[in-house]
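Trainee: got a structure for you, letters missing:
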(Lines give C-alpha, C1' and ligand atoms only; values in the text may rest on other atoms or scores of the structure.)
Protein backbone atom coordinates (compact mmCIF):
# COMPACT_ATOMS: atom_id res chain seq x y z
CA UNK A 1 0.00 0.00 0.00
CA UNK A 2 1.60 3.28 -1.10
CA UNK A 3 1.14 6.72 0.45
CA UNK A 4 -0.88 7.76 -2.59
CA UNK A 5 -3.62 5.34 -1.51
CA UNK A 6 -4.16 7.25 1.73
CA UNK A 7 -6.35 10.38 2.06
CA UNK A 8 -4.67 13.81 1.87
CA UNK A 9 -3.96 15.55 5.22
CA UNK A 10 -6.76 18.10 4.71
CA UNK A 11 -9.38 15.47 3.83
CA UNK A 12 -12.52 15.21 6.00
CA UNK A 13 -12.36 12.74 8.86
CA UNK A 14 -13.10 9.26 7.56
CA UNK A 15 -16.20 7.64 8.92
CA UNK A 16 -16.16 3.99 10.02
CA UNK A 17 -16.73 1.73 7.03
CA UNK A 18 -15.68 4.33 4.48
CA UNK A 19 -13.05 3.40 1.83
CA UNK A 20 -10.47 5.70 3.42
CA UNK A 21 -11.01 4.17 6.85
CA UNK A 22 -10.70 0.68 5.43
CA UNK A 23 -7.45 1.53 3.63
CA UNK A 24 -5.98 3.24 6.68
CA UNK A 25 -6.81 0.24 8.85
CA UNK A 26 -5.16 -2.10 6.34
CA UNK A 27 -1.77 -0.35 6.50
CA UNK A 28 -1.57 -0.14 10.31
CA UNK A 29 -0.25 -3.26 12.03
CA UNK A 30 -2.87 -4.65 14.44
CA UNK A 31 -2.13 -5.31 18.09
CA UNK A 32 -3.84 -8.67 17.77
CA UNK A 33 -5.30 -10.53 14.82
CA UNK A 34 -6.72 -14.03 14.80
CA UNK A 35 -4.32 -16.42 13.05
CA UNK A 36 -6.74 -18.19 10.73
CA UNK A 37 -4.73 -18.42 7.53
CA UNK A 38 -3.80 -15.76 5.03
CA UNK A 39 -6.18 -13.65 2.96
CA UNK A 40 -6.84 -15.56 -0.28
CA UNK A 41 -7.69 -12.28 -1.99
CA UNK A 42 -4.29 -10.70 -1.29
CA UNK A 43 -3.16 -11.08 -4.89
CA UNK A 44 -0.71 -8.14 -4.80
CA UNK A 45 1.10 -9.20 -1.64
CA UNK A 46 4.89 -8.82 -1.53
CA UNK A 47 7.49 -8.99 1.24
CA UNK A 48 6.48 -7.07 4.37
CA UNK A 49 8.83 -4.71 6.28
CA UNK A 50 9.10 -7.37 9.00
CA UNK A 51 10.24 -9.96 6.46
CA UNK A 52 12.78 -7.52 5.06
CA UNK A 53 14.11 -6.90 8.58
CA UNK A 54 14.40 -10.67 8.98
CA UNK A 55 16.44 -10.73 5.77
CA UNK A 56 18.98 -8.33 7.30
CA UNK A 57 19.93 -10.96 9.86
CA UNK A 58 20.53 -13.36 6.99
CA UNK A 59 23.12 -10.98 5.56
CA UNK A 60 25.16 -11.36 8.75
CA UNK A 61 24.75 -15.15 8.80
CA UNK A 62 25.56 -15.72 5.12
CA UNK A 63 28.59 -13.44 5.43
CA UNK A 64 29.85 -15.41 8.45
CA UNK A 65 29.54 -18.73 6.58
CA UNK A 66 31.15 -17.36 3.41
CA UNK A 67 34.09 -15.78 5.25
CA UNK A 68 34.68 -18.90 7.34
CA UNK A 69 34.88 -21.11 4.24
CA UNK A 70 37.18 -18.67 2.43
CA UNK A 71 39.41 -18.42 5.50
CA UNK A 72 39.59 -22.21 5.79
CA UNK A 73 40.70 -22.59 2.16
CA UNK A 74 43.25 -19.80 2.45
CA UNK A 75 44.69 -21.45 5.58
CA UNK A 76 45.12 -24.72 3.61
CA UNK A 77 42.35 -26.67 5.35
CA UNK A 78 41.14 -29.74 3.47
CA UNK A 79 38.69 -28.81 0.72
CA UNK A 80 36.37 -31.74 1.46
CA UNK A 81 36.29 -30.93 5.18
CA UNK A 82 35.72 -27.22 4.56
CA UNK A 83 32.95 -28.01 2.07
CA UNK A 84 31.16 -30.24 4.58
CA UNK A 85 31.36 -27.55 7.26
CA UNK A 86 30.10 -24.93 4.79
CA UNK A 87 27.10 -27.10 3.87
CA UNK A 88 26.21 -27.77 7.52
CA UNK A 89 26.36 -24.14 8.62
CA UNK A 90 24.62 -22.86 5.48
CA UNK A 91 21.81 -25.38 5.87
CA UNK A 92 20.96 -24.21 9.41
CA UNK A 93 20.75 -20.60 8.22
CA UNK A 94 18.65 -21.58 5.20
CA UNK A 95 16.33 -23.87 7.19
CA UNK A 96 15.68 -21.17 9.81
CA UNK A 97 14.76 -18.70 7.06
CA UNK A 98 12.68 -21.24 5.14
CA UNK A 99 10.56 -22.07 8.21
CA UNK A 100 9.73 -18.41 8.76
CA UNK A 101 9.21 -17.81 5.04
CA UNK A 102 6.59 -20.51 4.52
CA UNK A 103 4.70 -19.83 7.72
CA UNK A 104 4.48 -16.11 6.91
CA UNK A 105 3.21 -17.04 3.46
CA UNK A 106 0.35 -19.07 4.93
CA UNK A 107 -0.35 -16.83 7.97
CA UNK A 108 0.34 -13.13 7.48
CA UNK A 109 -1.21 -11.62 10.64
CA UNK A 110 1.78 -9.32 11.40
CA UNK A 111 0.53 -8.42 14.88
CA UNK A 112 2.48 -7.96 18.13
CA UNK A 113 2.86 -11.65 18.95
CA UNK A 114 3.88 -12.43 15.38
CA UNK A 115 6.58 -9.76 15.52
CA UNK A 116 7.89 -11.00 18.87
CA UNK A 117 8.19 -14.46 17.32
CA UNK A 118 10.17 -12.97 14.43
CA UNK A 119 12.43 -11.12 16.89
CA UNK A 120 13.25 -14.38 18.68
CA UNK A 121 14.07 -16.09 15.40
CA UNK A 122 16.34 -13.22 14.36
CA UNK A 123 18.16 -13.63 17.68
CA UNK A 124 18.60 -17.33 16.96
CA UNK A 125 20.01 -16.64 13.47
CA UNK A 126 22.55 -14.20 14.92
CA UNK A 127 23.63 -16.87 17.42
CA UNK A 128 24.03 -19.32 14.54
CA UNK A 129 26.24 -16.85 12.68
CA UNK A 130 28.42 -16.22 15.75
CA UNK A 131 28.89 -19.98 16.19
CA UNK A 132 30.13 -20.59 12.64
CA UNK A 133 33.84 -19.92 13.48
CA UNK A 134 33.72 -22.58 16.22
CA UNK A 135 32.36 -25.10 13.73
CA UNK A 136 35.13 -24.42 11.23
CA UNK A 137 37.92 -24.27 13.83
CA UNK A 138 37.00 -26.99 16.32
CA UNK A 139 34.09 -28.90 14.74
CA UNK A 140 32.00 -27.56 17.63
CA UNK A 141 28.32 -27.30 16.71
CA UNK A 142 27.13 -26.34 20.19
CA UNK A 143 26.47 -22.64 19.60
CA UNK A 144 24.93 -22.95 16.15
CA UNK A 145 22.71 -25.77 17.45
CA UNK A 146 21.55 -23.63 20.38
CA UNK A 147 20.84 -20.78 17.97
CA UNK A 148 18.81 -23.08 15.75
CA UNK A 149 16.89 -24.48 18.73
CA UNK A 150 15.99 -20.90 19.71
CA UNK A 151 14.67 -20.31 16.20
CA UNK A 152 12.59 -23.46 16.46
CA UNK A 153 11.33 -22.53 19.93
CA UNK A 154 9.91 -19.19 18.83
CA UNK A 155 8.52 -20.76 15.66
CA UNK A 156 6.80 -23.52 17.63
CA UNK A 157 5.27 -21.53 20.48
CA UNK A 158 4.62 -18.15 18.87
CA UNK A 159 3.56 -19.46 15.45
CA UNK A 160 2.67 -23.14 15.20
CA UNK A 161 0.96 -23.47 18.59
CA UNK A 162 -1.00 -20.29 18.05
CA UNK A 163 -2.09 -21.39 14.57
CA UNK A 164 -3.18 -24.76 15.99
CA UNK A 165 -5.23 -23.01 18.68
CA UNK A 166 -6.82 -20.27 16.56
CA UNK A 167 -7.26 -21.80 13.11
CA UNK A 168 -10.38 -23.93 13.02
CA UNK A 169 -10.10 -24.90 9.34
CA UNK A 170 -6.62 -26.47 9.63
CA UNK A 171 -6.43 -27.29 13.31
CA UNK A 172 -5.35 -30.93 12.91
CA UNK A 173 -2.57 -30.11 10.46
CA UNK A 174 -1.35 -27.21 12.62
CA UNK A 175 -1.24 -29.39 15.73
CA UNK A 176 0.85 -31.92 13.86
CA UNK A 177 3.16 -29.14 12.71
CA UNK A 178 3.52 -27.95 16.30
CA UNK A 179 4.41 -31.44 17.53
CA UNK A 180 7.04 -31.76 14.81
CA UNK A 181 8.41 -28.29 15.66
CA UNK A 182 8.99 -29.18 19.33
CA UNK A 183 10.34 -32.67 18.57
CA UNK A 184 13.01 -31.72 16.04
CA UNK A 185 14.93 -29.35 18.38
CA UNK A 186 15.21 -32.19 20.92
CA UNK A 187 16.78 -34.39 18.24
CA UNK A 188 19.24 -31.61 17.34
CA UNK A 189 20.25 -31.28 21.01
CA UNK A 190 20.74 -35.04 21.31
CA UNK A 191 22.99 -34.87 18.25
CA UNK A 192 25.47 -32.84 20.35
CA UNK A 193 26.29 -36.06 22.21
CA UNK A 194 27.89 -37.45 19.04
CA UNK A 195 31.74 -37.48 19.20
CA UNK A 196 33.44 -34.54 17.48
CA UNK A 197 34.75 -36.67 14.64
CA UNK A 198 34.15 -35.53 11.06
CA UNK A 199 32.55 -38.76 9.83
CA UNK A 200 30.22 -39.07 12.83
CA UNK A 201 29.30 -35.39 12.62
CA UNK A 202 28.42 -35.56 8.93
CA UNK A 203 26.33 -38.72 9.29
CA UNK A 204 24.40 -37.49 12.35
CA UNK A 205 23.88 -34.05 10.81
CA UNK A 206 22.58 -35.58 7.57
CA UNK A 207 20.13 -37.74 9.54
CA UNK A 208 18.79 -34.65 11.31
CA UNK A 209 18.42 -32.84 7.98
CA UNK A 210 16.41 -35.73 6.51
CA UNK A 211 14.11 -35.64 9.53
CA UNK A 212 13.79 -31.86 9.11
CA UNK A 213 12.70 -32.24 5.51
CA UNK A 214 10.45 -35.25 6.04
CA UNK A 215 8.74 -34.17 9.28
CA UNK A 216 6.80 -31.11 8.04
CA UNK A 217 5.78 -32.98 4.89
CA UNK A 218 4.27 -35.86 6.87
CA UNK A 219 2.64 -33.45 9.32
CA UNK A 220 0.84 -31.64 6.49
CA UNK A 221 -0.19 -34.82 4.65
CA UNK A 222 -3.86 -34.70 3.80
CA UNK A 223 -4.16 -30.95 4.39
CA UNK A 224 -4.84 -28.54 1.53
CA UNK A 225 -1.66 -26.56 2.14
CA UNK A 226 -0.93 -26.13 -1.57
CA UNK A 227 -4.26 -24.42 -2.15
CA UNK A 228 -3.35 -21.78 0.44
CA UNK A 229 0.07 -20.90 -0.95
CA UNK A 230 0.45 -17.36 -2.21
CA UNK A 231 2.62 -18.04 -5.31
CA UNK A 232 3.83 -14.51 -6.02
CA UNK A 233 4.71 -13.83 -2.39
CA UNK A 234 6.69 -17.07 -2.01
CA UNK A 235 8.46 -16.39 -5.29
CA UNK A 236 9.33 -12.91 -4.02
CA UNK A 237 10.67 -14.32 -0.73
CA UNK A 238 12.96 -16.81 -2.45
CA UNK A 239 14.14 -14.07 -4.77
CA UNK A 240 14.95 -11.94 -1.71
CA UNK A 241 17.16 -14.68 -0.24
CA UNK A 242 18.87 -15.02 -3.61
CA UNK A 243 19.60 -11.29 -3.53
CA UNK A 244 21.00 -11.62 0.01
CA UNK A 245 23.56 -14.19 -1.18
CA UNK A 246 24.38 -12.14 -4.25
CA UNK A 247 24.96 -9.25 -1.88
CA UNK A 248 27.71 -11.30 -0.25
CA UNK A 249 29.19 -11.75 -3.74
CA UNK A 250 29.20 -7.97 -4.14
CA UNK A 251 30.92 -7.64 -0.74
CA UNK A 252 33.62 -10.01 -2.02
CA UNK A 253 34.00 -7.80 -5.07
CA UNK A 254 34.29 -4.83 -2.71
CA UNK A 255 37.34 -6.45 -1.11
CA UNK A 256 39.06 -6.26 -4.50
CA UNK A 257 38.05 -2.62 -4.75
CA UNK A 258 39.58 -1.87 -1.34
CA UNK A 259 42.92 -3.24 -2.55
CA UNK A 260 43.04 -1.00 -5.62
CA UNK A 261 45.52 1.29 -3.89
CA UNK A 262 49.13 1.75 -5.03
CA UNK A 263 50.22 1.66 -1.38
CA UNK A 264 48.83 -1.81 -0.63
CA UNK A 265 51.34 -4.56 0.08
CA UNK A 266 49.47 -7.34 -1.72
CA UNK A 267 51.35 -9.57 -4.14
CA UNK A 268 48.65 -9.01 -6.77
CA UNK A 269 49.23 -6.20 -9.27
CA UNK A 270 46.78 -3.36 -9.62
CA UNK A 271 45.88 -4.43 -13.17
CA UNK A 272 45.21 -7.99 -11.95
CA UNK A 273 42.96 -6.71 -9.15
CA UNK A 274 41.07 -4.52 -11.61
CA UNK A 275 40.46 -7.48 -13.91
CA UNK A 276 39.31 -9.60 -10.95
CA UNK A 277 36.89 -6.87 -9.88
CA UNK A 278 35.43 -6.44 -13.38
CA UNK A 279 35.27 -10.17 -14.08
CA UNK A 280 33.50 -11.01 -10.82
CA UNK A 281 31.06 -8.12 -11.28
CA UNK A 282 30.14 -9.25 -14.80
CA UNK A 283 29.77 -12.83 -13.60
CA UNK A 284 27.40 -12.05 -10.73
CA UNK A 285 25.39 -9.75 -13.01
CA UNK A 286 24.94 -12.57 -15.55
CA UNK A 287 23.96 -15.03 -12.81
CA UNK A 288 21.44 -12.52 -11.45
CA UNK A 289 19.99 -12.11 -14.94
CA UNK A 290 19.68 -15.86 -15.47
CA UNK A 291 17.83 -16.46 -12.20
CA UNK A 292 15.40 -13.56 -12.46
CA UNK A 293 14.57 -14.32 -16.09
CA UNK A 294 12.34 -17.13 -14.81
CA UNK A 295 8.80 -16.04 -13.76
CA UNK A 296 8.59 -18.43 -10.80
CA UNK A 297 5.50 -16.73 -9.39
CA UNK A 298 3.55 -17.33 -12.61
CA UNK A 299 4.55 -20.99 -12.75
CA UNK A 300 3.71 -21.54 -9.07
CA UNK A 301 0.27 -20.00 -9.63
CA UNK A 302 -0.38 -22.69 -12.23
CA UNK A 303 1.15 -25.55 -10.23
CA UNK A 304 0.79 -24.75 -6.52
CA UNK A 305 0.92 -28.46 -5.67
CA UNK A 306 4.64 -28.40 -6.58
CA UNK A 307 5.34 -25.50 -4.24
CA UNK A 308 7.01 -27.36 -1.36
CA UNK A 309 9.20 -29.51 -3.60
CA UNK A 310 10.16 -26.38 -5.53
CA UNK A 311 10.98 -24.62 -2.27
CA UNK A 312 13.10 -27.46 -0.84
CA UNK A 313 14.99 -27.81 -4.13
CA UNK A 314 15.88 -24.13 -4.05
CA UNK A 315 18.54 -24.84 -1.45
CA UNK A 316 20.66 -26.19 -4.31
CA UNK A 317 20.55 -22.80 -6.04
CA UNK A 318 21.26 -20.90 -2.83
CA UNK A 319 24.03 -23.26 -1.72
CA UNK A 320 25.87 -23.00 -5.04
CA UNK A 321 25.54 -19.21 -4.89
CA UNK A 322 27.08 -19.32 -1.43
CA UNK A 323 30.09 -21.15 -2.86
CA UNK A 324 30.29 -18.50 -5.59
CA UNK A 325 30.50 -15.76 -2.94
CA UNK A 326 33.18 -17.61 -0.95
CA UNK A 327 35.29 -18.45 -4.00
CA UNK A 328 35.14 -14.82 -5.16
CA UNK A 329 36.51 -13.83 -1.76
CA UNK A 330 39.32 -16.39 -2.16
CA UNK A 331 40.24 -15.05 -5.60
CA UNK A 332 40.35 -11.54 -4.15
CA UNK A 333 42.15 -11.99 -0.84
CA UNK A 334 44.46 -15.00 -1.33
CA UNK A 335 48.16 -14.15 -1.62
CA UNK A 336 49.72 -17.27 -3.16
CA UNK A 337 49.05 -18.50 -6.69
CA UNK A 338 48.04 -22.00 -5.62
CA UNK A 339 45.21 -20.77 -3.40
CA UNK A 340 44.02 -18.38 -6.10
CA UNK A 341 43.97 -21.27 -8.57
CA UNK A 342 41.86 -23.32 -6.17
CA UNK A 343 39.54 -20.34 -5.69
CA UNK A 344 38.89 -19.95 -9.40
CA UNK A 345 38.32 -23.70 -9.78
CA UNK A 346 35.75 -23.66 -6.97
CA UNK A 347 34.15 -20.62 -8.60
CA UNK A 348 33.90 -22.36 -11.98
CA UNK A 349 32.31 -25.46 -10.47
CA UNK A 350 29.86 -23.38 -8.41
CA UNK A 351 28.82 -21.27 -11.42
CA UNK A 352 28.19 -24.39 -13.53
CA UNK A 353 26.23 -26.09 -10.74
CA UNK A 354 24.15 -22.97 -10.14
CA UNK A 355 23.19 -22.86 -13.81
CA UNK A 356 22.16 -26.53 -13.83
CA UNK A 357 20.31 -26.24 -10.52
CA UNK A 358 18.23 -23.38 -11.92
CA UNK A 359 17.24 -25.64 -14.82
CA UNK A 360 16.41 -28.44 -12.39
CA UNK A 361 14.21 -26.22 -10.21
CA UNK A 362 12.46 -24.82 -13.28
CA UNK A 363 11.82 -28.37 -14.54
CA UNK A 364 9.78 -29.04 -11.38
CA UNK A 365 7.20 -26.52 -12.59
CA UNK A 366 7.39 -27.07 -16.35
CA UNK A 367 8.63 -29.59 -18.89
CA UNK A 368 12.37 -30.20 -19.13
CA UNK A 369 14.15 -27.81 -21.52
CA UNK A 370 16.51 -30.17 -23.37
CA UNK A 371 18.09 -27.51 -25.58
CA UNK A 372 18.85 -25.35 -22.55
CA UNK A 373 20.54 -28.31 -20.85
CA UNK A 374 22.73 -28.94 -23.91
CA UNK A 375 23.75 -25.29 -24.19
CA UNK A 376 24.50 -25.12 -20.46
CA UNK A 377 26.57 -28.30 -20.67
CA UNK A 378 28.66 -26.83 -23.49
CA UNK A 379 29.04 -23.50 -21.70
CA UNK A 380 29.92 -25.22 -18.43
CA UNK A 381 32.59 -27.28 -20.18
CA UNK A 382 34.21 -24.12 -21.56
CA UNK A 383 34.12 -22.47 -18.13
CA UNK A 384 35.82 -25.48 -16.54
CA UNK A 385 38.45 -25.59 -19.30
CA UNK A 386 39.27 -21.93 -18.63
CA UNK A 387 39.50 -22.53 -14.87
CA UNK A 388 41.64 -25.68 -15.01
CA UNK A 389 43.71 -25.21 -18.19
CA UNK A 390 43.84 -21.55 -19.14
CA UNK A 391 43.94 -19.91 -15.68
CA UNK A 392 47.42 -21.21 -14.71
CA UNK A 393 48.78 -19.59 -17.89
CA UNK A 394 46.98 -16.22 -18.09
CA UNK A 395 46.31 -15.56 -14.39
CA UNK A 396 43.21 -15.12 -12.24
CA UNK A 397 41.96 -11.79 -13.60
CA UNK A 398 42.18 -12.68 -17.28
CA UNK A 399 40.65 -16.11 -16.71
CA UNK A 400 37.68 -14.57 -14.87
CA UNK A 401 37.03 -12.33 -17.85
CA UNK A 402 37.31 -15.30 -20.22
CA UNK A 403 34.85 -17.31 -18.10
CA UNK A 404 32.30 -14.55 -18.56
CA UNK A 405 32.17 -15.15 -22.33
CA UNK A 406 30.58 -18.65 -22.31
CA UNK A 407 28.42 -17.63 -19.36
CA UNK A 408 27.12 -14.65 -21.36
CA UNK A 409 26.39 -16.86 -24.38
CA UNK A 410 24.50 -19.35 -22.19
CA UNK A 411 22.58 -16.49 -20.65
CA UNK A 412 21.64 -15.11 -24.06
CA UNK A 413 20.28 -18.46 -25.21
CA UNK A 414 18.33 -19.01 -21.98
CA UNK A 415 16.71 -15.59 -22.29
CA UNK A 416 15.85 -16.23 -25.93
CA UNK A 417 14.39 -19.65 -25.12
CA UNK A 418 12.26 -18.31 -22.26
CA UNK A 419 10.90 -15.39 -24.25
CA UNK A 420 10.14 -17.39 -27.38
CA UNK A 421 8.32 -20.02 -25.34
CA UNK A 422 6.41 -17.82 -22.87
CA UNK A 423 6.47 -14.33 -24.31
CA UNK A 424 2.91 -14.19 -25.64
CA UNK A 425 0.36 -15.69 -23.30
CA UNK A 426 -2.50 -14.50 -21.18
CA UNK A 427 -4.13 -17.03 -18.89
CA UNK A 428 -6.04 -17.30 -15.67
CA UNK A 429 -4.56 -20.00 -13.49
CA UNK A 430 -7.05 -22.80 -12.83
CA UNK A 431 -8.60 -22.77 -9.36
CA UNK A 432 -6.71 -19.59 -8.54
CA UNK A 433 -7.37 -15.90 -8.03
CA UNK A 434 -4.16 -14.93 -9.83
CA UNK A 435 -4.16 -13.78 -13.42
CA UNK A 436 -0.94 -14.76 -15.16
CA UNK A 437 -0.16 -12.23 -17.86
CA UNK A 438 2.91 -11.78 -20.05
CA UNK A 439 2.32 -10.14 -23.41
CA UNK A 440 5.43 -7.99 -23.48
CA UNK A 441 7.45 -9.74 -26.15
CA UNK A 442 6.75 -11.11 -29.61
CA UNK A 443 9.65 -12.89 -31.31
CA UNK A 444 9.65 -15.14 -34.38
CA UNK A 445 8.50 -18.63 -33.55
CA UNK A 446 6.15 -17.68 -30.71
CA UNK A 447 2.83 -19.46 -30.75
CA UNK A 448 0.03 -17.10 -31.71
CA UNK A 449 -2.50 -18.88 -29.57
CA UNK A 450 -2.72 -21.22 -26.60
CA UNK A 451 -2.17 -20.81 -22.89
CA UNK A 452 0.78 -20.67 -20.55
CA UNK A 453 -0.56 -23.82 -18.94
CA UNK A 454 -0.26 -25.57 -22.29
CA UNK A 455 3.30 -24.29 -22.71
CA UNK A 456 4.61 -25.63 -19.41
CA UNK A 457 3.07 -29.08 -19.78
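Mentor: Yep, that arrived. Only a predicted model underlies this, so the values are computations on that prediction, with no experimental measurement involved.

Trainee: where do the strands of the chain begin and end?
Mentor: Assigned by DSSP state E, the chain shows strands spanning 425-428, 435-438.

Trainee: in this structure, which residue is most central in space?
Mentor: residue 241 (3.7 Å; C-alpha atoms, centre = their mean).

Trainee: and that one, what does it touch?
Mentor: The neighbours of residue 241, taking C-beta atoms under 8 Å, 6 or more residues apart in numbering as the test, are 55, 58, 94, 97, 101, 318. The way it works is simple: take the backbone N, C-alpha and C, and place the C-beta from them, glycine included.

Trainee: local confidence estimate at the closest residue to residue 289 other than its chain neighbours?
Mentor: Excluding its sequence neighbours, the residue lying closest to residue 289 (C-beta to C-beta, 6 or more residues apart in numbering) is residue 411, at 5.8 Å. Listed pLDDT for residue 411 reads 94.

Trainee: related to what we said a few turns ago, among the contacts of residue 241, which one has the most neighbours?
Mentor: Counting neighbours by other C-beta atoms under 10 Å, residue 97 leads these with 26 neighbours.

Trainee: so where is this structure shaky, pLDDT-wise?
Mentor: Where the chain drops to pLDDT under 70, the residues are 1-29, 37-45, 219-227, 256-268, 422-457.

Trainee: if you set the cut-off to 50 instead, what comes out?
Mentor: 1-2, 4-5, 14, 17-22, 40, 424-451, 453 (pLDDT under 50).

Trainee: quick check: the gap between residue 53 and residue 285.
Mentor: Here residue 53 is placed at a distance of 27 Å from residue 285 (C-beta to C-beta, to the nearest Å).

Trainee: more neighbours: the two, which one.
Mentor: Set side by side, residue 53 and residue 285 show more neighbours around residue 285, with 16 against 13, by other C-beta under 10 Å.

Trainee: please enumerate the helices of the stretch 51-200 of the chain.
Mentor: Here the stretch 51-200 of the chain has its helices, by DSSP state H, counting those that start in this stretch, at 79-106, 112-138, 142-155, 161-166, 171-191, 198-219.

Trainee: in a markdown table: these, plus distance to residue 389.
Mentor: Listed next are those as a markdown table, based on distance: least, C-beta to C-beta, whole Å:
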| stretch | distance to residue 389 |
| --- | --- |
| helix 79-106 | 19 |
| helix 112-138 | 31 |
| helix 142-155 | 39 |
| helix 161-166 | 55 |
| helix 171-191 | 43 |
| helix 198-219 | 32 |
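
Trainee: settle this for me: residue 272 is touching residue 400, isn't it.
Mentor: No. Counting by C-beta atoms under 8 Å, residue 272 stays clear of residue 400, with 10.0 Å between them.

Trainee: need the contact list for the residue nearest to residue 289.
Mentor: Counting by C-beta under 8 Å, 6+ apart, residue 411 has contacts 286, 289-290.

Trainee: nearest to residue 144 among these?
Mentor: Ranked by distance to residue 144 (C-beta to C-beta), the contacts of residue 411 are led by residue 290 at 31.4 Å.

Trainee: can I assume the closest one is in contact with residue 356?
Mentor: No. With contact defined as C-beta under 8 Å, residue 290 does not reach residue 356; the gap is 11.3 Å.

Trainee: more neighbours, these two?
Mentor: residue 290 (20 against 17).

Trainee: for the more buried one, which non-adjacent residue is closest in space?
Mentor: residue 411 (5.2 Å).

Trainee: now residue 345
Mentor: Nearest to residue 345 is residue 387, by C-beta to C-beta, 6+ apart, at 5.0 Å.

Trainee: counting neighbours, which bits of stretch 151-158 end up buried?
Mentor: Going by neighbour count (16 or more other C-beta atoms under 10 Å), the buried part of stretch 151-158 is 151-156, 158.

Trainee: specify which member of these is nearest to residue 32.
Mentor: residue 158 (12.9 Å).

Trainee: how about the contacts of residue 411 in JSON lines, adding distance to residue 193?
Mentor: Listed next are the contacts of residue 411 as JSON lines, based on distance: C-beta to C-beta, whole Å:
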{"residue": "286", "distance to residue 193": "46"}
{"residue": "289", "distance to residue 193": "47"}
{"residue": "290", "distance to residue 193": "44"}
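
Trainee: number of residues surrounding residue 134?
Mentor: If we define neighbours as other C-beta under 10 Å, then residue 134 has 15 of them.

Trainee: that one reaches residue 145, doesn't it?
Mentor: No. Look at residue 134 against residue 145 with C-beta under 8 Å: they stay out of range, at 10.7 Å.

Trainee: shared neighbours, these two?
Mentor: Joint contacts of residue 134 and residue 145 (C-beta under 8 Å, 6+ apart) do not exist.
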